[in-house]
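A.B. asks: Pasting the sequence and the predicted coordinates here, then a few questions.
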Amino acid sequence: MSDDADDARLADQARAGDTAALATLLQRYRDPLVALAYQLTRNRDDALDLVQDASLRAFERVAELADPALFYGWMRGIVRHLSFDKHRARSRRDAPLPEIARHHEEARALATDKAEAVTREVIEAILSLPEEYHVPLFCRYVEEAAYTDIALRAGRTLDSVRGLIYRGTQLLRKKLAHHLER
């Protein structure tokens with residue numbers, strides 16, 4: 001790896017628009033990011049593609065990096081988030097639709113209405129919790145954001161976000177117990 005101060009300096013330069021500084025950081029962390037991507041995908045080609053996509057995302061969003069000292073963690077979050085997105089997309093694409101949904105438009109509309117109703121109930125349950133849980137839980141369960149992205153958005157540490165989501169999830173389970181029993 002490298003010196004944390006040097007990483008922070010390069011990340012700060014990258015946030016200011018220095019693409020060479022960002023390229024240096026991305027090259028520096030390429031191998032550990034590929035290793036992470038491989039753990040997530042179990043396929044070398046997919047891992048390389050994932051890191052390439054994450055690098056492109058970093059070029060697009062480096063100005064949003066809240067703390068230059070957290071560059072590597074930010075990149076890990078991007079890799080994880082993209083991996084989950086690809087997995088969800090693949091699961092949706094590969095999952096066979098129930099027979100009734102293939103043949104009846106009404107069944108599709110009913111499923112959509114039910115999903116929207118559940119989403120509304122989850123949002124209402126989140127908003128009924130103490131305010132400190134609103135952003136972390138909404139980002140996690142409605143937007144399906146990665147923990148690192150939530151930490152950046154909420155202006156909190158990753159550990160505090162994990163704790164808020166854990167405790168908030170416990171409270172949500174109690175509020176939504178009638179759905180979990182079905």
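C.D. replies: Sure, I can see it. From a predicted model like this one, the values you see are computed outputs, not experimental measurements.
A.B. asks: going forward, measure contacts and count neighbours with C-alpha atoms only.
C.D. replies: Will do.
A.B. asks: quick one: low-confidence parts of the chain?
C.D. replies: Across the chain, the ranges flagged by pLDDT under 70 are 1-2, 89-115, 179-182.
A.B. asks: Pop the domain breakdown of it in here.
C.D. replies: What automatic domain parsing lists as the domains of the chain is 1-95, 97-182.
A.B. asks: Can you lay out those as CSV showing mean neighbour count?
C.D. replies: Converted to CSV, these look like this (neighbours: other Cα atoms under 10 Å):
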stretch, mean neighbour count
domain 1-95, 17
domain 97-182, 15
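A.B. asks: And for the helix or strand where R76 lies, what's in contact with it?
C.D. replies: Following DSSP states H and E, one finds R76 within helix 71-94. If you take Cα atoms under 8 Å, 6 or more residues apart in numbering as the criterion, helix 71-94 is touched by 7-8, 11, 29, 33, 36-37, 40-41, 50-51, 53-54, 57-58, 65, 145-149.
A.B. asks: quick check, distance from stretch 5-14 to the centre of its chain.
C.D. replies: Its chain's C-alpha centre lies 24 Å from the corresponding centre of stretch 5-14 when counted by Cα atoms, centre = their mean, to the nearest Å.
A.B. asks: what's in contact with that stretch?
C.D. replies: 20-22, 24-25, 62-63, 68-71.
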